[in-house]
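Visitor: Fold the following and give me the result.
(one chain, ligands or ions: 1)
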Amino acid sequence: MLDIRSLSKKFGSGDSAFQALKSIDITIEEGEFFTLLGPSGCGKTTLLRLIAGFEQPSGGQLVLDGKDIATIPPNHRPVNTVFQSYALFPHMTVAQNVAFGLEARGTNPAEIAPRVDEILEIVQMAHLRDRKSSQMSGGQQQRVALARALAPRPRILLLDEPLSALDLKLRKQMQFELKRLQRELGLTFIFVTHDQDEALTMSDRIAVMDGGTLQQVADPRTLYDHPANRFVAEFIGEANFLSGTVAGGKLSLSGQAPVPLPHGADASGPVTVMIRPEQVVVGSAGGNAVTLDGQIEALVFSGTDTHVTLRLENGDTLSLRAPNNSHATTTFAEGEPLRVALPVDALRLLPEDIANAA
Ligand code: ATP
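Guide: Okay, here's the model as predicted:
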């Protein structure tokens, strides 16, 4: 539906020029909840602003439904934005704020009132239609901003960190509602966040960005289970990194006996090996595994499991989660030895060049 082709954006010129986006390629499907995720300054908002038409690209194309939209002004593009700040008019009522978005786009006046009523029903704000937006809570203002952006029936709704001003409980509730709305209306959402959990729980697919480049585009499970590089592995969840060597189709880790390569892995020479803390097994594991001995350096009880930091014999540390569903974790003590196993199929081999650069 939306084809982002070799899109780049440079701010300024000469010595002060800054390349905010470097040749981005993404195809977004109709009806998708697509998230742009990355640390502050990675270029997510810039990409959203290019799609909205608030900024002009320095290179590349934006093709929507087969048409290049580069020269179409923002208010004529079939996309609309919900801003982090909501950008509501405080002196206008809820209904007037929603109508404003339609008037600005030149909607036929006879259609405006019924459309406002319809959309206020959808976001469950019809009972507050005559309330001034300055007299509403953060969550209510968020719904009005959403209604205003949805009213012109955009092909794509762009959402720039729309939930970041809400407290945690309301934020969780609005995450659920946004997702429900998106599914029910069958709309395409492009959502910007720097919050990994929010991205993982809400998205069909996520583009992880860093320094104006795309690091990986995939569904949440693939990103978590098969990160393309060290940056993605660390940005999405917690990760342990160990150095290893691949020779003759076998992997050696920290001087341990060689084991077969994880399923589907292909490498040779020095590698960085990643394993998630919850994949590390206390004691020994069935099947192919690397066994490591260490000393418990820190223990943190977290209800469902105990977070253990293990100091390995070679000086590296390893984080693991031991489930509290047996009495085993009650015998753990700082300074005590602990043997763990890393199942081979839970190991991920990451490209060494990118791992070192990160
Ligand atoms: P955040 O999560 O902090 O909003 P972001 O990933 O959305 O970050 P952008 O706002 O897209 O980041 O900015 C990307 C980079 O481009 C930043 O380094 C920023 O300073 C720079 N930048 C953005 N707008 C401009 C501008 N108008 N002129 C110059 N540099 C800019």
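Visitor: you'd agree G294 is up against G335?
Guide: No: with contact defined as C-beta atoms under 8 Å, G294 does not reach G335; the gap is 11.3 Å. The C-beta positions use only the backbone N, C-alpha and C, and glycine is treated the same way.
Visitor: More neighbours: which of those two?
Guide: Set G294 next to G335 and count neighbours by other C-beta atoms under 10 Å: G294 wins out with 21 against 8.
Visitor: so which residue of the stretch 101-250 of the chain comes closest to the ligand?
Guide: H194 (5.0 Å; C-beta to the nearest ligand atom).
Visitor: shouldn't that residue be in contact with V208?
Guide: No: look at H194 against V208 with C-beta under 8 Å: they stay out of range, at 11.0 Å.
Visitor: circling back to that earlier point, now for the residue of the stretch 101-250 of the chain closest to the ligand: which residues touch it?
Guide: L37, G38, P39, S40, K44, E161 (C-beta atoms under 8 Å, 6 or more residues apart in numbering).
Visitor: which of the residues in stretch 198-218 are buried?
Guide: Under the neighbour-count criterion of 16 or more other C-beta atoms under 10 Å, stretch 198-218 has 198-200, 202-210, 212-218 buried.
Visitor: Near the ligand, list only the ones from those.
Guide: Among those, no residue sits close to the ligand (C-beta under 6 Å from any ligand atom).
Visitor: Relative to D293, how far out is M274?
Guide: M274 is 21 Å from D293, where distance means C-beta to C-beta, to the nearest Å.
Visitor: Actually, I72.
Guide: For I72, the distance to D293 (C-beta to C-beta) stands at 63 Å.
Visitor: which of those two has more neighbours?
Guide: I72 (15 against 12).
Visitor: so that one, which of the three states?
Guide: Recorded secondary structure, I72: coil (DSSP: H, G, I helix; E, B strand; the rest coil).
Visitor: tell me what the helix ranked longest in the chain is packed against?
Guide: Across the chain, the longest stretch assigned as helix under DSSP state H is helix 168-185. Under the contact definition 3 or more C-beta pairs under 8 Å, 6 or more residues apart in numbering; DSSP states H and E, helix 168-185 sits against helix 138-150, helix 196-202.
Visitor: Done for today, thanks.
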